[in-house]
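**Student:** sharing a sequence plus its predicted fold:
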Protein chains: 2
Amino acid sequence: MTSHPESASCPTSEKPYHHGDLRRQILDEAARLLREEGEAGLSMRKLAQNLGVSRTAPYHHFADKQALLCGIAEEGFRHLREVVRTPPYIEGAEISEAAVRVFVRRYVQFSIDNAEYYELMFGARLWKSQQLTESLTVEAHNAFKVYIEQIRVWQQSIRNPNIDPLRFAQVSWSTLHGMSRLLIDGIYLDATAINVMSDTAAKMFWQQLCPPSQVAS
Amino acid sequence: MTSHPESASCPTSEKPYHHGDLRRQILDEAARLLREEGEAGLSMRKLAQNLGVSRTAPYHHFADKQALLCGIAEEGFRHLREVVRTPPYIEGAEISEAAVRVFVRRYVQFSIDNAEYYELMFGARLWKSQQLTESLTVEAHNAFKVYIEQIRVWQQSIRNPNIDPLRFAQVSWSTLHGMSRLLIDGIYLDATAINVMSDTAAKMFWQQLCPPSQVAS
DNA sequence: CAAGCAATCTTGACACTGTCTATATTGAAC
DNA sequence: GTTCAATATAGACAGTGTCAAGATTGCTTG
């Protein structure tokens, strides 16, 4: 641990001019502020003050507030990909209604557990600004690609040619996203109903993927 | 038209101290600013300046910015109720997949055509603030009640006892809301796919309401 | 018609915000 | 050891929401 005394990990020094780990701490503190006080409670100045640096110090790590928010959202996407892409679903060996149910529950749970990230990841604040970080757009597109791939695997596993994977991905993701937002934004208040709603959605998806009886037209 | 010359419709007078129609104009100009410049472009001061009144004049019609936003959202809900509740759907005489399709398209179209209202009506900005106007909460609850009623009528018309109206309302509304938000927030960019997505969603709803063959378990 | 009152509008002020500029300090490279 | 780029700093400016105190008006009541 302490084998590299000349490294930046020396918290005992009074107040080193160079903070050393500021970027990381900015991202963490910003997420904390968002979670605890909402978007209105996050300001660059308060952020700096809470970390004990000057007001303009964060601007050496993020071009502006927008770039900081992009940075937070980016971390959120990396996190989301991990959560959604957990085996065995991507392998698609044994697709079933239960598997879909787990998938839905996981997505919704992620959005609730990481509400402050989710709001940035899919909020107009970033996407309508035309000022997205390049790394963020890459990360976001990757996430959607993984989702479509998941749908495609399900479809092939079931051999249902009536499903257009892209369309089904768009609509099913809309459902997940809609549920998440309604819960996060405080419109659906009954938190105990989350699982029931998730299962209802999963059942709806499953009936689309694998209808009880094939109908020609 | 001009039969009441002593009414407040006298625009030729230079600059009457009492504006006369300020509240209405504030709501309109605020919606215009939101639509054209986004939420960041709406400020109480700019609003006042554009209308040619002092900075604090709007505060005599709205307690604070939050109350103004509530006022805009309220108008949005009234508008939404009109759009969704158009006959013959609430009567439910002839429910069909086509009717569901029209319903879905209408909802999504409303959200796109009135994006600046929709964002406020269903945004965290208002709902998580714990400072909702009372008239707004009433209006919003009414909207959801109408929606559930719609679902109930459909269900009874179809005689499918397997559907829990509340659950189905929650999930289907999530889908509509999710699609709307993804489009409004600029995440789903391909505007030409809106109708295809809407119809895919309608088909999914219809298959839930009226499955091809009843399955016991 | 006069007086008064409540609604409406105004200016002034305060604390806060994002962000630009110019300056200072530092760790590392040559 | 000098130089340089990265990093930190204070100062300043325009913009924000909103409170307090005063000015102007139209309606109401006598």
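**Tutor:** All right, it came through fine.
**Student:** where does chain A have its least confident helix or strand?
**Tutor:** The helix or strand of chain A with the lowest confidence, counting by mean pLDDT, DSSP states H and E, is helix A:134-158 at a mean of 87.
**Student:** which strands or helices does it pack on?
**Tutor:** With contacts defined as 3 or more C-beta pairs under 8 Å, 6 or more residues apart in numbering or on different chains; DSSP states H and E, the packing partners of helix A:134-158 are helix A:65-84, helix A:165-184, helix A:194-209. (C-beta placed from N, C-alpha, C; glycine too.)
**Student:** separation between A:Gln202 and A:Arg106?
**Tutor:** Just so we're on the same page, residue A:202 is Ala rather than Gln. 11 Å (C-beta to C-beta, to the nearest Å).
**Student:** which of those two has more neighbours?
**Tutor:** A:Ala202 (22 against 16; other C-beta atoms under 10 Å in any protein chain shown).
**Student:** state the pLDDT value of the more buried one.
**Tutor:** Reported pLDDT at A:Ala202 in the predicted model: 96.
**Student:** residues contacting it?
**Tutor:** A:97, A:100-101, A:103-105 (C-beta atoms under 8 Å, 6 or more residues apart in numbering or on different chains).
**Student:** where in chain A is pLDDT low?
**Tutor:** A:1-20, A:86-94, A:213-217 (pLDDT under 70).
**Student:** give me that answer again for 50
**Tutor:** A:1-13, A:215-217 (pLDDT under 50).
**Student:** chain neighbours aside, what residue packs nearest to A:Asn50?
**Tutor:** Using C-beta to C-beta, 6 or more residues apart in numbering or on different chains and skipping residues adjacent in sequence, the residue nearest A:Asn50 is A:Glu29, 5.7 Å away.
**Student:** one step back: ranking the helices and strands packed on helix A:134-158 by burial, who's on top?
**Tutor:** helix A:165-184 (a mean of 23; mean count of other C-beta atoms under 10 Å in any protein chain shown).
**Student:** and the angle for that one with helix A:134-158?
**Tutor:** For helix A:165-184 against helix A:134-158, the angle by axes from the mean of the first three to the mean of the last three C-alpha atoms, to 10 degrees is 120 degrees.
**Student:** and helix A:165-184, how far out from the chain middle?
**Tutor:** Between the centre of helix A:165-184 and the centre of its host chain there is 13 Å, according to C-alpha atoms, centre = their mean, to the nearest Å.
**Student:** give me the helices and strands touching it, please.
**Tutor:** By 3+ C-beta pairs under 8 Å, 6+ apart, helix A:165-184 packs against helix A:97-113, helix A:115-121, helix A:134-158, helix A:194-209, helix B:165-184, helix B:194-209.
**Student:** what residues sit buried inside the longest one?
**Tutor:** Of the residues in helix A:134-158, those with enough neighbours to count as buried (16 or more other C-beta atoms under 10 Å in any protein chain shown) are A:136, A:139-140, A:143, A:147, A:150-155, A:157.
**Student:** and the helix or strand encompassing the residue nearest to A:Asn50, anywhere near DNA strand C?
**Tutor:** Using DSSP states H and E, A:Glu29 maps to helix A:22-37. No. Helix A:22-37 stays out of contact with DNA strand C when judged by C-beta under 7 Å from any atom of the strand, the minimum separation being 10.0 Å.
**Student:** for chain A, what lies in contact range of chain B?
**Tutor:** With C-beta under 8 Å from any C-beta of the partner chain as the criterion, chain A meets chain B at residues A:38-39, A:119, A:122-124, A:127-128, A:164, A:167-168, A:170-171, A:173-179, A:181-182, A:184-188, A:193, A:196-197, A:200-201, A:204, A:207-208, A:211-213, A:215.
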